[in-house]
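# What follows is a predicted structure for the sequence shown.
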Amino acid sequence: MHAIEKILARNSGRESVRTGEIVTAKVDFAEINDLYLQTVYSFYEMGGEKVWDRERCAFVFDHYAPCPDVKSASNHREMREFAQKNDLRFHFDTNCGVCHQVMPEAGVIYPGMIVVATDSHTTTHGAFGAMGTGCGATDMATILMTGELWFRVPEIIEVRLEGEAPKGVYPKDVILAVLGKIRADGAVYKAIDFTGSYVEKLNVAGRMTICNMAVEMGAKTAYMQPNQDVLDYVSARAVRPFEVQYTDPGYEYAETHVFDVSRLEPELACPHSVENVHPLSEVISEKEVKLDQGYIGSCTGGREEDIAAAAGILKGKHIAPYTRLIIVPASNEVLEKCIQEGYIQDLMKAGATITAPGCAACLGVHEGILAPGEVCITSTNRNFPGRMGSKEASLYLASPAAVAASLLNGKITDPRPYL
Ligand SMILES: CC(C)[C@H](C(=O)O)[C@@H](O)C(=O)O
Ligand code: SF4
């Protein structure tokens, strides 16, 4: 069996599971974000009274945090009341950050577990050897009542990433290159296991960025075998003991795709699709792409490593006139570390706008919305029309280093000469 199958088998009380089977499995942690007040309503409609386990579920207020309008403030109030009434051990209010960053920091994510959240980017937690997946309000209400959810055991495809990344090529570039090949519908309801020498050496932040974007290929979940970096991270934080699962030798994947990371360049996903990926150098050799905004943030590209990369390029310099650079740390912990390291100060001096940790403009709610006709380069994960505001704006997805180098010049720029 694959490690993911072992996780599903263990949590559903079986010896083994096979692709295509439907199982009912225990959920080790459930998270509801602030777009999903419907979960509370569904819970009561289905006859729920108290959540099944006050230690294993939490709300994270991230998409509208702090609240930009009365509607979201009222939603937060109702969810906060539900959390209080159930005396939830964990509650992440507007002072925390994006759920996928906040949960691992709080120690509720660890290898061998199942985490379900009302958010598609729950695939992120494959970075820790966990099985993470998103669901809607009714499924989440079911979990809150029973602690269980049904799953169809997914086909598992291997994405083998071999070699060392050249200078200027970041985990974000690697996952963009993978997306460009496998395409946005290439892994629908499949699990993606990222393997290979690149992954074995990759740090926690890089692993999270790659697993995060697995869902942009339609993946049900993602997986990476934990390495020492992951074990150090979770050992220092995990709120309960855990068991790492290992794939049996000789396991046969449904498909295998091999990438030589050493041959990659900085990549760009061009408007208006995540799969419209091209080497950045190719795009700018064909046309100059003038920019109005740069954005560094989100559960994909708002960690300390991302902000450090930007600060490294912008320290002692200034962004181009009449552009803006929005920096949104993925969590309060990230912000605190970036202040300690001096990155925030350097970026502010370089002309950046720093906003509160959270989802902010990543999905076009607030704190960095684009006007019609504007062009933005961003370290986030989606570039569909309207994602960051106007449907007539254009979004290019890139690494945080590429965002920083581009804002220096007010046009999309290859970051490599600036490193
Ligand atoms: C709106 C929300 C539930 C959504 C998701 O599921 O991913 C959001 O976080 C996103 O990135 O689009
Ligand atoms: S940061 Fe963006 S991608 Fe991540 S959960 Fe928030 S809106 Fe979704």
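Great, that's in hand. Ligands and ions are numbered 1, 2, ... in the order given.
# CA only for contacts and neighbour counts going forward, please
Noted.
# Show me what from the chain comes close to ligand 1.
Contacts of the chain with ligand 1, taken as CA under 6 Å from any ligand atom, map to D119, S120, H121, L363.
# repeat that for 5 Å
When proximity is defined as CA under 5 Å from any ligand atom, the chain approaches ligand 1 at D119, S120.
# Name the residues of the chain found near ligand 2, please.
When proximity is defined as CA under 5 Å from any ligand atom, the chain approaches ligand 2 at S298, C299, C359, C362, L363.
# Check the burial of the nearest residue to the third one once chain neighbours are set aside by counting its neighbours.
If I follow you right, that is C359. Sequence neighbours aside, H63 is the residue nearest to C359 in space, at 4.9 Å (criterion: CA to CA, 6 or more residues apart in numbering). Look at H63: counted by other CA atoms under 10 Å, it has 24 neighbours.
# Secondary structure class of F59, three-state.
strand (DSSP: H, G, I helix; E, B strand; the rest coil).
# how close does it get to S394?
Going from F59 to S394 by CA to CA, to the nearest Å gives 32 Å.
# surely the residue nearest to C359 meets P357?
No. H63 lies out of contact with P357 (CA atoms under 8 Å); the separation is 10.0 Å.
# Mutual contacts of the two, please.
Here H63 and P357 have V98 as joint contacts, going by CA atoms under 8 Å, 6 or more residues apart in numbering.
# is it true that I143 lies in a helix?
Yes. Looking at I143 with three-state DSSP, it is inside a helix.
# Please identify the buried residues of the helix or strand hosting C338?
Following DSSP states H and E, one finds C338 within helix 332-340. Across helix 332-340, burial judged by 16 or more other CA atoms under 10 Å covers N332, E333, V334, L335, K337, C338.
# With stretch 196-214 instead?
Neighbour-count burial for stretch 196-214, with 16+ other CA under 10 Å as criterion, is recorded at 196, 198-200, 202-214.
# Just those: which are in helices?
Y198, V199, E200, V204, A205, G206, R207, M208, T209, I210, C211, N212 (DSSP state H).
# Looking at those, which is nearest D69?
Set against D69, the nearest of these by CA to CA is N212 (28.4 Å).
# pLDDT score assigned to that closest one?
Note for N212: predicted pLDDT of 99.
# Would you enumerate the residues in contact with it?
H121, T122, T123, T124, H125, C299, T300.
# who are the neighbours in contact with the nearest residue to it once chain neighbours are set aside?
The shortest distance from N212 to any non-neighbouring residue, by CA to CA, 6+ apart, is to T124 (3.9 Å). By CA under 8 Å, 6+ apart, the contact list for T124 reads H100, G132, M208, T209, I210, C211, N212, M213, A214, A222.
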